[in-house]
Structures are given as structure tokens and as C-alpha cells.
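> Got a sequence here, can you model it:
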Amino acid sequence: VDDALADAPPREPRPRRPLAVRGFGIVYLEGMSFGLPAIASRAGGASETVTDGETGVLVDPDDPDAVARALDEFAADPDRLAEMSRAARRRYERHPSWAESTALVRRLLAEVVADTGSEAGVVA
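Got it, this is the predicted structure:
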């Protein structure tokens, strides 16, 4: 998640395409940077980011009524929403930054190159 985005003031929380199937849940992680619990599809990569009932709610992608129910539950139980908001922010804080992710990939690639014995750094 972009650190500049994490420091931006939060906007009105609202789901954006919660039933879209995404390869990775980065959009949900970005919301979590503001302490927003996610409403996300069980399909795709969202379930790797969103913990159902803890950092958000996972719904079936073919059930738009589930989104409405989740929003109703958030509105009906502000204490639970606050708890999930704190958990969402903690989840974001545990996720590696782009700089940390880049450093990890560089380290792994350097290990692969070293293991191949290639002095030129080219992997066959």
C-alpha cells in the first residue's frame, strides 16, 4: 500500500465493487489503512487479505443482498464496527510496505542468481 495514501485523510466509507473478483485484495488493504473494515467477495484474492468477521465481511459474489446485510450489521452495532475497524488497521500495519516487499524480492532474486553459479547474473 502506498504510504502517501495511508496518510491521506479518510473519505466517506463506502464499498466499491465489493463483489468484484480480484487477484489480490490490495484495494481492501488500502481501505484498511484508514481503519475501514471491508465487505468483499469470497472469490479471488480478497480472502487472503480480509479475515471474515474480524477485519471485514466476506460474501458470496452472486449475493448482492449479503452486502446490504453486512452494511445493516455495521450500522446496527457501532461497537462491533469499531472493533473491526481497529482490527482492519492492525492488519494493514502488519502488511509489508512496498519498500519491504521490494527488498524481499531483491534478496530472493539474489539468492537464485547465487545458487545458479552464474557470474553474469543471468538465470538460464
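> what's the following helix or strand after the worst-scoring helix or strand of the chain on mean pLDDT?
Ranked by mean pLDDT, DSSP states H and E, the helix or strand of the chain with the weakest confidence is helix 3-6, at a mean of 58. Downstream of helix 3-6, the next assigned helix or strand under DSSP states H and E is helix 26-32.
> For that next one, buried residues please.
Judged by neighbour count using 16 or more other CB atoms under 10 Å, the buried positions of helix 26-32 are V27, Y28, L29, E30, G31, M32. Placement of C-beta: from N, CA and C, glycine included.
> wait, which of the residues you listed is closest to S97?
L29 (11.2 Å; CB to CB).
> just checking, what packs against whichever helix or strand A70 is part of?
Assignment of secondary structure by DSSP H and E places A70 within helix 64-76. Packing contacts for helix 64-76, counted by 3 or more CB pairs under 8 Å, 6 or more residues apart in numbering; DSSP states H and E, involve strand 38-41, strand 56-59, helix 78-94.
> List the contacts of the residue nearest the centre of the chain.
Centroid-nearest residue in the chain: L29, 2.7 Å away (criterion: CA atoms, centre = their mean). Going by CB atoms under 8 Å, 6 or more residues apart in numbering, L29 touches V1, T49, R91, Y92, H95.
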